[in-house]
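Visitor: One predicted model, sequence on top.
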Number of protein chains: 2
Amino acid sequence: MSPVAKIVPSSVQAQVVTRLREAIFDGRFAPGQKLSEAALCRAFDVSRTSVREALRSLAGERLVTLVPNRGPHVTRIDWEQASHVYDMRALLEGEAMALLAVRVSAEQLARMRAALDRFAEAAASGDAGLRLSSTQDFYDVILNGCGNPILAELVQGLRARINFLRSRSMSLPDRSVESLREMRAMLQALESGDQKAARKAAVAHIQSARAAAHAVLRNADPLGAD
Amino acid sequence: MSPVAKIVPSSVQAQVVTRLREAIFDGRFAPGQKLSEAALCRAFDVSRTSVREALRSLAGERLVTLVPNRGPHVTRIDWEQASHVYDMRALLEGEAMALLAVRVSAEQLARMRAALDRFAEAAASGDAGLRLSSTQDFYDVILNGCGNPILAELVQGLRARINFLRSRSMSLPDRSVESLREMRAMLQALESGDQKAARKAAVAHIQSARAAAHAVLRNADPLGAD
DNA sequence: GACGCAAAATTGTATGACAATCTGAGTCCG
DNA sequence: CGGACTCAGATTGTCATACAATTTTGCGTC
């Protein structure tokens, strides 16, 4: 037995789920795009059985939508829905920050600082991958640290749904700079243990992200069309 | 049964999903119970393919849990998790009530009154089915009326997860009476258009339901065991 | 009763088949 | 020319079967 391999999810369909999810996240499959079973079988070199089961799983995450007899497609989201998602993120992430503010540890703060440093670097260099991973790290601390795993799960689900908006709105001029400022405000509120300020900073950040997303979705964008 | 055409979802696996979900809701499949594929194939008289795909869908709703190589079982929930779920319901349903309070229509209020009348009847007669459906109607007005379908979806997901607790805690002495009182308070807050009171009433109702559930889960209950 | 091991059962995956449904190209009619 | 119709081909939904991998079970031994 080779001692190295096998960090990957062992099951075939788990891998398909993972890879397809990643592909959707970084835009290789655009919202609305049709995902034919045959094409996916070829792309991942697995059987239809596995593809279909993977698609059911992803449908549960709302990343793909299954239309009976017409096949699956990457879930399409219009501005109205996206707006509602942002509202929920504001509510939930605000709550998470409020919970975290009164229980945050020095180590957690350190991790958040480190994530922000990396985000600053990404913002300066325009490294999209680093932007994504550092943001994820920042939020991981908040969500895993807030003490309510259900809350974390809900937010993760919402974030997944509008993930594709992130990369686009982040590439708007100054958006990442603005975003960095807002996240620093969040961190500062936590450092001072101010529950209300923490919630407020989180909500402000989301509303700002919402505005940036609005700009993206309003302009040249057929996502809302059907 | 009756030969009349069914309104059921035509696809086989959609039917399996529906029927299995119902079975879990009303306790025919208890939390933690193993759901062997073969058994489900026999029970629903469908192929393994359909059963497996249906299970993936239900896993997305967190109603069943899939353990690799060990098969699916009805998701088991311990008190800690249930408590977190109630916290999230309080947050989300509180928000829904606050949103609804400033936009509720006379027709919506009428529907809620009607639902409460039916719930009162169920509480008096001990009719579990009516209790469930009237509660569902009451909440449907709130969730569909709040204006944010994403919020509705999140709450529905949470409710599904602890649905099995409802029937049991509702059968505690006086719980349904108490519950009725709380829901009336919710309705009253809406009638007076008082946003803060509406949120408060919703939160109070959930916290009360949480306490009742705690009593159930703490006592003779192996749900948390593994 | 604890332990270990082989048999039996169950899950994961692939393949082939076929009915039901959808899509698109070509055709016919107004 | 535009629109309705038709039919073949492609795609999805479902089933049956097969087999490797893994887990559970039954049983004999200590």
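Guide: Arrived safely, thanks for sending.
Visitor: Tell me how far residue A:20 lies from DNA strand C.
Guide: 14 Å (C-beta to the nearest atom of the strand, to the nearest Å). From N, CA and C alone the C-beta is placed, and that goes for glycine too.
Visitor: That residue: what's it in contact with?
Guide: A:29, A:35, A:40, A:44, A:54, A:55, A:58, A:63, A:64 (C-beta atoms under 8 Å, 6 or more residues apart in numbering or on different chains).
Visitor: So what's the residue count around the first one?
Guide: Spelled out, that is residue A:29. Using other C-beta atoms under 10 Å in any protein chain shown, residue A:29 has 22 neighbouring residues.
Visitor: Next, residue A:65: secondary structure please.
Guide: strand (DSSP: H, G, I helix; E, B strand; the rest coil).
Visitor: what sits opposite the residue of chain A found nearest DNA strand D in the beta ladder?
Guide: Using C-beta to the nearest atom of the strand, the closest approach of chain A to DNA strand D is made by residue A:71 at 2.9 Å. Beta bridges link residue A:71 to residue A:67, judged by DSSP bridges.
Visitor: so what's it up against?
Guide: A:34, A:35, A:36, A:37.
Visitor: Drop anything exposed from these.
Guide: residue A:35 (16 or more other C-beta atoms under 10 Å in any protein chain shown).
Visitor: Which ones among the contacts of residue A:71 map onto helices?
Guide: If you go by DSSP state H, these have residue A:37 in helices.
Visitor: DNA strand C contacts on chain A?
Guide: By C-beta under 7 Å from any atom of the strand, the part of chain A that sits against DNA strand C consists of A:10-14, A:46-50, A:53, A:69-70.
Visitor: how many neighbours does the residue of chain A found nearest chain B have?
Guide: Of all residues in chain A, residue A:60 sits closest to chain B, at 1.5 Å by C-beta to the nearest C-beta. Neighbours of residue A:60 under the rule other C-beta under 10 Å: 17.
Visitor: so what's the nearest residue to it once chain neighbours are set aside up against?
Guide: Spatial nearest neighbour of residue A:60, excluding adjacent residues (C-beta to C-beta, 6 or more residues apart in numbering or on different chains): residue B:60 at 1.5 Å. Residues near residue B:60 by C-beta under 8 Å, 6+ apart: A:56, A:57, A:59, A:60, A:61.
Visitor: can the residues you listed go into TSV with extra columns for secondary structure and distance to residue B:164?
Guide: Below are the contacts of residue B:60 laid out as TSV (DSSP: H, G, I helix; E, B strand; the rest coil; distance: C-beta to C-beta, whole Å):
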residue	secondary structure	distance to residue B:164
A:56	helix	23
A:57	helix	23
A:59	helix	24
A:60	helix	20
A:61	coil	23
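Visitor: Would you mind measuring from residue A:194 to residue A:97?
Guide: 10 Å (C-beta to C-beta, to the nearest Å).
Visitor: Comparing these two, which shows the higher neighbour count?
Guide: residue A:97 (26 against 16).
Visitor: any idea how far the more buried one is from DNA strand C?
Guide: 37 Å.
Visitor: Find the helix or strand that that residue is a member of.
Guide: Using DSSP states H and E, residue A:97 maps to helix A:79-101.
Visitor: anything in the helix or strand of chain A with the lowest mean pLDDT near chain B?
Guide: Within chain A, confidence by mean pLDDT, DSSP states H and E is lowest for helix A:163-170 among all helices and strands, at a mean of 87. No: on the criterion C-beta under 8 Å from any C-beta of the partner chain, helix A:163-170 is out of touch with chain B, staying 14.4 Å away.
Visitor: just how off-centre is stretch A:185-195 within its chain?
Guide: The chain centroid and the centroid of stretch A:185-195 are separated by 23 Å under C-alpha atoms, centre = their mean, to the nearest Å.
Visitor: Tabulate the CA atom coordinates of it in CSV.
Guide: Taking C-alpha atoms only, stretch A:185-195 is exported to CSV below (Å, rounded to 0.1, in the frame of the first residue of the first chain):
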residue,chain,number,x,y,z
ALA,A,185,-13.5,47.3,11.3
MET,A,186,-15.0,43.9,12.1
LEU,A,187,-11.7,42.7,13.6
GLN,A,188,-11.4,45.9,15.7
ALA,A,189,-14.8,45.5,17.1
LEU,A,190,-13.9,42.0,18.2
GLU,A,191,-10.7,43.1,19.7
SER,A,192,-12.6,45.6,21.8
GLY,A,193,-15.1,43.0,22.7
ASP,A,194,-17.9,45.3,21.6
GLN,A,195,-20.8,43.0,20.8
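Visitor: so where is chain A shaky, pLDDT-wise?
Guide: A:1-9, A:219-226 (pLDDT under 70).
Visitor: Which parts of the helix or strand hosting residue A:15 count as buried, going by neighbours?
Guide: Under the criterion of DSSP H and E, residue A:15 resides in helix A:12-25. Of the residues in helix A:12-25, A:12, A:13, A:14, A:15, A:16, A:17, A:19, A:20, A:21, A:23, A:24, A:25 count as buried by neighbour count, 16+ other C-beta under 10 Å.
Visitor: show me the contacts for the third one.
Guide: What it means is residue A:14. Contacts for residue A:14 were tallied using C-beta under 8 Å, 6+ apart; they are residue B:68.
Visitor: Quick check: it vs residue B:203, distance?
Guide: For residue A:14 relative to residue B:203 (C-beta to C-beta), the value is 39 Å.
Visitor: swap in the second one?
Guide: Using C-beta to C-beta, one obtains 41 Å as the distance from residue A:13 to residue B:203.
Visitor: same thing with residue A:126?
Guide: For residue A:126, the distance to residue B:203 - C-beta to C-beta - is 44 Å.
Visitor: For these two, work out which one has more neighbours and name it.
Guide: More neighbours surround residue B:203 than the other of residue A:126 and residue B:203, with 19 against 11 (other C-beta under 10 Å).
Visitor: so which helix or strand takes in that one?
Guide: With DSSP H and E as the test, residue B:203 turns up in helix B:195-218.
Visitor: So which elements touch that helix?
Guide: helix B:79-101, helix B:163-170, helix B:175-191 (3 or more C-beta pairs under 8 Å, 6 or more residues apart in numbering or on different chains; DSSP states H and E).
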